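Novice: okay, here's the prediction I keep looking at, along with the sequence it came from:
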Amino acid sequence: MHLICHYIHEPLYMFSPITHTHTQHKHLVSNLFWKRFFPMSICRLARSRTITRFLKTKICPFEIHERLITPNYSFFHACSSYKTLAGNFTRKPHELWDKTANILAFRRFESARAGEQAEAVSYTDDDEDENQSIDFPGGRVTFTPQIKFISESTDKRVPCYRVLDDDGYPFAGSRSEQVDKETALKMYKSMVTLQIMDHIFYEAQRQGRISFYMTSMGEEAINIATAAALSPDDIILPQYREPGILLWRGFTIEEFANQLFGTKNDAGKGRQMPVHYGSKKHNFVTVSSPIATQLPQAAGIAYSLKMDNKEACAVAFTGDGGTSEGDFHAGLNFAAVMEAPVLFICRNNGWAISTPISDQFRSDGVVVKGQAYGIRSIRIDGNDTLAVYSAIRAAREMVIREQKPILVEALTYRVGHHSTSDDSTKYRPLNEIEYWKTARNPLGRYRKWVQRNGWWTDEEETELRGSIRKQVMNAIQVADKTEKPSLKELFTDVYDRLPLNLHEQEKSLRETIKRHEQDFPADVPL
Amino acid sequence: MDRDPRVCVMGEDVGHYGGSYKVTKGLATKFGDLRVLDTPIAENSFTGMAIGAAMTGLRPIVEGMNMGFLLLAFNQISNNCGMLHYTSGGQFKIPVVIRGPGGVGRQLGAEHSQRLESYFQSIPGIQMVACSTPYNAKGLMKAAIRSENPVILFEHVLLYNLKERIPDEEYVLNLEEAEMVRPGEHVTILTYSRMRYHVMQAAKTLVNKGYDPEVIDIRSLKPFDLYTIGNSVKKTHRVLIVEECMRTGGIGASLTASINENFHDYLDAPIVCLSSQDVPTPYAGVLEEWTVVQPAQIVAAVEQLCQ
């Protein structure tokens, strides 16, 4: 309704095109109103995508707006960007009228300027429309006598959803999920735990106590807020920078330490390298090193959940680099075709080891790729805890209700090095890292909001940090001294039962060890 | 699929088309589009999908339209299918069956005539079986579906038209067992899949010439059934391996090494292995025929072995 009122009051003479007579002008303008604005408002009222789509095929002008209107329609309705959307809409028509007028005036020179017409629109009449569509496998398409390329980029990038500003104040008019004190505090405390855990385990690797580690510094909000927004039944397929989800679901610091040290208490029985956590009871699939292999698997898990009619979805993570892998294309395409309830979350943190995103893809980030597969997508500020929480809640609800995949691109920054085998100061400036570590830190921003609500104090902060530090240090001490898995775990679980050849190989290994005891590590129990 | 509602099939054109070799004909109409899933053309993707589905409790059967295409799924098969049960500490099981037609057909060209068993044999965590008759195709398929491990079932493009009377009652074969095709005294001939028929043809000629070959269809390509093979070697003391794989790195190469290691004392002569040459399979009919081991070669090899 907001939209209709705005247009009715707008002086219509401002839309005067250059080359049209008054009667034609009136015709065009009323055409404009009835064909564009009226149906648009109906659309807003009806909140139905099918009607929008139907009407859009009837109306050709202003094709640039397609992107603004359709994809995130129902979600945008609830967002602060609704206002900006309407704002854009009011500003654009002026420009467009001019462009349309130019085309009509210089029509005979068009073919020479085919390339330049990239963003121009074609004006077609109502009657022309009906006759100018044609059948092909895949459906009916309208055709146009002009060569018109879809531009490789738009002048405006897809906006990102944000709730809190850098000082932790919610934007005026921003819509987000209400978070109660308990959840808000649990999120904050988990973020602090994750941060401290990362720091101390990283140092432990530097001291030679573990062989490898990867931090999730700078991405704590994505980790924790996503976990909080999902249900414990949702099955997670991580890439490797999402330990926060396990933390939220109850994986203890001791269990983390056990996996890093590869002790006998590790659920993975010491078989995977550090950070490659996996826990069936927490619905967290074991991390597999090759990038993006989890994306097609997510489609499979979702397929399985769909067959069982469960109220849960598969959630697959990847980074910006992972979107270059073939599996990304395959996984998303599959999920869309199979109508699998998968939530794809891409942590666009700007760097894939040393490859910046400008060398990774030339599209406007990852969010625009969703539409190419027929997947609804959204871009969010990954360092804004409340934005992540609300967006994932909404996305999850849609995924399960509509049984279709959704792509979420969370913009963030990888503050730490890629891993302990990397020194990122070699390929990016120190001040850039410092800026994101301090000024744009997700914890700082969220903490200000939590404290302003009176839910947290500085004393509690120091107390929490102290106690977590102690807990992590203790866990390291204990895990360091815990026994490693026994030799038989080298051969079990390759198959469900030990086959003959592995039996033989184990026997031969044990005999060799018995004969040369001094050549084998003493701390591996036989 | 009748017995267990968790069993599902996925692959290209397996649904209404019934599969490129009609193996899944009629299943889509009976079990629906979701259980018999037609997938887009992305082998690594639907193999990955099957692995994901298997981890969550389903028992998928993946069909590669031609085994050669599964090379695109090698990453998923090696890094995930074979490894995830181990690296997760036994938490996630992958009871998936990967099957499809392979081997040299009639003038299908090099890319459609691959012997994938030689590439996959090293992957830890998977089991490989090859069927050769309608009887063992049914039994091995059932066993593979019921197995908790990922199993790759190698079928052969030229063997789909075979007809045979099989028992009405339900039977399941053992995935690790070899089949004694023809007991004999003079020489042990080990083979699998289509080469079994070439060997049996050669056997007729050999019998006429007065030899008594023992023919064993090894069926289980990983792990080898060294029990049956061993007993046979101890009896005949001579081994001939006839395979369709290439000379380098094929099943025959591994089998030769295995037998030498375990039964060296029982051998009277070095093991002879007849395999295809290390060339891409040509299209021309005559050339293709000579890249595959022919019965004449088998007869000649036995005669030489038994001298």
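Specialist: Noted; the coordinates are in hand. Residues are numbered from 1 along each chain as shown, chains lettered A, B, ... in the order given.
Novice: residue A:216 reaches residue A:245, doesn't it?
Specialist: No. Counting by CB atoms under 8 Å, residue A:245 is not a contact partner of residue A:216; they are 10.2 Å apart. For glycine as for every other residue, the C-beta is placed from the backbone atoms N, C-alpha and C.
Novice: list residues touching both of those two?
Specialist: Common contacts of residue A:216 and residue A:245 (CB atoms under 8 Å, 6 or more residues apart in numbering or on different chains): residue A:223.
Novice: domains of the chain?
Specialist: No chain was given, so I picked chain A. A:2-142, A:181-479, A:487-519 (automatic domain parsing).
Novice: nope, chain B
Specialist: According to the TED database, chain B comprises the domains B:7-156, B:179-306.
Novice: hey, least reliable of those domains by pLDDT?
Specialist: If you rank the domains of chain B by mean pLDDT, domain B:7-156 sits at the bottom with a mean of 90.
Novice: ok, back up a step: worst mean pLDDT among the domains of chain A?
Specialist: domain A:2-142 (a mean of 47).
Novice: what parts of the stretch 151-300 of chain A come near chain B?
Specialist: Residues of the stretch 151-300 of chain A lying close to chain B by CB under 8 Å from any CB of the partner chain are A:235, A:237, A:266-269, A:271-272, A:276, A:278-280, A:285-286, A:288-290, A:293-300.
Novice: hmm, 6 Å instead?
Specialist: Contacts of the stretch 151-300 of chain A with chain B, taken as CB under 6 Å from any CB of the partner chain, map to A:267-269, A:271-272, A:278, A:280, A:286, A:288, A:290, A:293, A:296-297, A:299-300.
Novice: among these, which lie within strands?
Specialist: Among these, no member is found in strands (DSSP state E).
Novice: where do the strands sit along the stretch 151-300 of chain B?
Specialist: For the stretch 151-300 of chain B, the strands defined by DSSP state E, counting those that start in this stretch occupy B:151-156, B:179-182, B:187-191, B:213-217, B:220-222, B:239-246, B:272-276.
Novice: which one of those is the most hemmed in?
Specialist: strand B:187-191 (a mean of 28; mean count of other CB atoms under 10 Å in any protein chain shown).
Novice: and the angle from that one to strand B:213-217?
Specialist: Using axes from the mean of the first three to the mean of the last three CA atoms, to 10 degrees, the inter-axis angle of strand B:187-191 relative to strand B:213-217 is 20 degrees.
Novice: point out the other helices and strands that strand B:187-191 packs with.
Specialist: strand B:213-217, helix B:226-236, strand B:239-246 (3 or more CB pairs under 6 Å, 6 or more residues apart in numbering or on different chains; DSSP states H and E).
Novice: dump the ones you listed into a markdown table; add distance to chain A as well.
Specialist: As requested, these are exported to a markdown table (distance: least, CB to the nearest CB, whole Å):
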| stretch | distance to chain A |
| --- | --- |
| strand B:213-217 | 17 |
| helix B:226-236 | 7 |
| strand B:239-246 | 18 |
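Novice: hang on, the earlier thing: and of the residues of the stretch 151-300 of chain A next to chain B, the nearest to residue B:229?
Specialist: Checking those against residue B:229 by CB to CB gives residue A:271 as the nearest, at 31.8 Å.
Novice: quick check on the residue nearest to that closest one when sequence neighbours are not counted: phi, psi?
Specialist: The shortest distance from residue A:271 to any non-neighbouring residue, by CB to CB, 6 or more residues apart in numbering or on different chains, is to residue B:87 (4.9 Å). Dihedral pair for residue B:87: phi -70, psi -20, per degrees, to the nearest 10.
Novice: I figured residue B:87 hits residue A:273, correct?
Specialist: No. Here residue B:87 does not reach residue A:273: they are 9.2 Å apart, not a contact under CB atoms under 6 Å.
Novice: so what's residue 252 up against?
Specialist: Just going to use chain A. Not one residue lies near residue A:252 by CB atoms under 6 Å, 6 or more residues apart in numbering or on different chains.
Novice: correction: the question concerned chain B.
Specialist: Taking CB under 6 Å, 6+ apart as the test, what residue B:252 contacts is B:241, B:243, B:245, B:273, B:275.
Novice: next, format those residues as JSON lines and append distance to residue A:442.
Specialist: Output for the contacts of residue B:252, formatted as JSON lines (distance: CB to CB, whole Å):
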{"residue": "B:241", "distance to residue A:442": "63"}
{"residue": "B:243", "distance to residue A:442": "60"}
{"residue": "B:245", "distance to residue A:442": "56"}
{"residue": "B:273", "distance to residue A:442": "63"}
{"residue": "B:275", "distance to residue A:442": "61"}
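Novice: who in the stretch 151-300 of chain B is up against chain A?
Specialist: So the stretch 151-300 of chain B meets chain A at residue B:223 (CB under 6 Å from any CB).
Novice: and the domains of chain B, which is most packed in?
Specialist: The highest average neighbour count among the domains of chain B, using mean count of other CB under 10 Å, belongs to domain B:7-156 at a mean of 22.
Novice: what about that domain, start to end distance?
Specialist: Here the two ends of domain B:7-156 are set 23 Å apart, with distance taken as CA to CA, to the nearest Å.
Novice: could you do stretch B:72-79 as well?
Specialist: 13 Å.
Novice: closest one to residue A:501 among the strands of the stretch 151-300 of chain B?
Specialist: It is, among the strands of the stretch 151-300 of chain B and with distance given as CB to CB, strand B:220-222, at 8.7 Å.
Novice: which residues does the closest one contact?
Specialist: By CB under 6 Å, 6+ apart, strand B:220-222 touches B:117, B:121, B:127-130, B:176, B:251.
Novice: distance between it and the chain's centre?
Specialist: Taking CA atoms, centre = their mean, to the nearest Å, the mean C-alpha location of strand B:220-222 is offset from the chain mean by 8 Å.
Novice: list the neighbouring strands of that strand plus their orientation.
Specialist: For strand B:220-222, the pairing partners within the sheet under DSSP bridges are strand B:127-130 (antiparallel).
Novice: off-centre distance for the strand it pairs with?
Specialist: That offset, for strand B:127-130, works out to 5 Å (CA atoms, centre = their mean).
Novice: between the domains of chain A, which gets nearest to residue B:71?
Specialist: If we rank the domains of chain A by CB to CB, the stretch that ends up nearest is domain A:181-479, at 13.3 Å.
Novice: ends of stretch A:225-239, how far apart?
Specialist: Taking CA to CA as the criterion, the two ends of stretch A:225-239 lie 17 Å apart.
Novice: find the centremost residue of chain B, please.
Specialist: residue B:130 (2.2 Å; CA atoms, centre = their mean).
Novice: so who does residue A:206 touch?
Specialist: Contacts of residue A:206 (CB under 6 Å, 6+ apart): none.
Novice: distance check, it against residue A:299.
Specialist: From residue A:206 over to residue A:299 the distance is 39 Å, taken as CB to CB, to the nearest Å.
Novice: chain neighbours aside, what residue packs nearest to the residue of the stretch 301-450 of chain A found nearest chain B?
Specialist: Of all residues in the stretch 301-450 of chain A, residue A:330 sits closest to chain B, at 3.2 Å by CB to the nearest CB. In space, and not counting its chain neighbours, residue A:330 is closest to residue B:45: 3.2 Å by CB to CB, 6+ apart.
Novice: got the CA coordinates for the helix or strand containing the residue of the stretch 301-450 of chain A closest to chain B in CSV?
Specialist: Applying DSSP states H and E as the criterion places residue A:330 in helix A:326-338. Only the C-alpha atoms of helix A:326-338 are listed here, as CSV (Å, rounded to 0.1, in the frame of the first residue of the first chain):
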residue,chain,number,x,y,z
GLY,A,326,33.1,-28.6,-9.2
ASP,A,327,31.3,-30.1,-6.3
PHE,A,328,29.8,-26.7,-5.5
HIS,A,329,28.1,-26.5,-8.8
ALA,A,330,27.0,-30.2,-8.7
GLY,A,331,25.8,-30.0,-5.1
LEU,A,332,23.7,-26.8,-5.6
ASN,A,333,22.3,-28.0,-8.9
PHE,A,334,21.3,-31.3,-7.4
ALA,A,335,19.7,-29.8,-4.3
ALA,A,336,17.7,-27.5,-6.5
VAL,A,337,16.5,-30.3,-8.9
MET,A,338,15.8,-32.8,-6.2
